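> any chance you could fold what I've pasted below:
(one chain, ligands or ions: 1)
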Amino acid sequence: MSAKKAAKKRRRRGKLVARADELPPGRTKKFLLKCNGNTVEALLVNYEGRLRAYVNRCRHIALSLDWVDNEFFTEDGRYLICANHGATYEPTTGECVWGPCFGAFLQSVPLEIAGGEVRAFCPPEAEDGG
Ligand code: FES
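Have a look, this model is predicted:
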């Protein structure tokens, strides 16, 4: 199989990033996606038992949110926070609810959860090269 076909197949199936029961509530897990030739770092979030994923890039300045590796939640576990200047994000939607990018949204990473596996797909914006 050519590299191009293999990449296309991977895109269709998504990337296996976790087992569905792997991440307890209040925890996160970082993973990498190859999107349109670029490596995109993302975070899988379990907030109150539901999984979501976002690109690990603040909407204030395009920096990773975590200074301490894989530390994304506020101390009380209610929000995701950017360690750089404190932008605070709603974990259920990725909306910045406090801080310098108020009203902006983290880039969402589509997930598919089936057969005990969590698979992630490139965000459409990343596939377009954005
Ligand atoms: S870079 Fe995230 S708040 Fe400034």
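> who's in contact with residue 20?
51, 113, 116-118 (CB atoms under 8 Å, 6 or more residues apart in numbering). For the C-beta atoms, the positions are set from N, CA and C on the backbone; glycine is no exception.
> out of those residues, which end up buried?
Neighbour-count burial within these applies to 51, 118; the criterion is 16 or more other CB atoms under 10 Å.
> got CSV for the contacts of residue 20, with distance to residue 61 too?
Shown next, in CSV, are these (distance: CB to CB, whole Å):
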residue, distance to residue 61
51, 27
113, 32
116, 37
117, 34
118, 29
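> where does residue 75 sit: helix, strand or coil?
State at residue 75, reduced to three classes by DSSP: H, G, I helix; E, B strand; the rest coil: coil.
> and the pLDDT for it?
On pLDDT, residue 75 comes in at 96.
> any idea of the mean pLDDT for the helix or strand where residue 29 lies?
Take DSSP states H and E as the rule and residue 29 turns out to sit in strand 27-35. Averaged across strand 27-35, the pLDDT comes to 97.
> give the buried residues for that strand.
So strand 27-35, judged by 16+ other CB under 10 Å, has buried residues 28-29, 31, 33, 35.
> what's the closest of those to the ligand?
Nearest to the ligand among the buried residues of strand 27-35 is residue 28, at 16.0 Å by CB to the nearest ligand atom.
> so what's the closest one up against?
Here residue 28 is in contact with 43-46, 70, 72-73 (criterion: CB under 8 Å, 6+ apart).
> tabulate the buried residues of strand 27-35 in JSON lines, adding columns for distance to residue 83.
Formatted as JSON lines, these follow (distance: CB to CB, whole Å):
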{"residue": "28", "distance to residue 83": "13"}
{"residue": "29", "distance to residue 83": "17"}
{"residue": "31", "distance to residue 83": "19"}
{"residue": "33", "distance to residue 83": "22"}
{"residue": "35", "distance to residue 83": "24"}
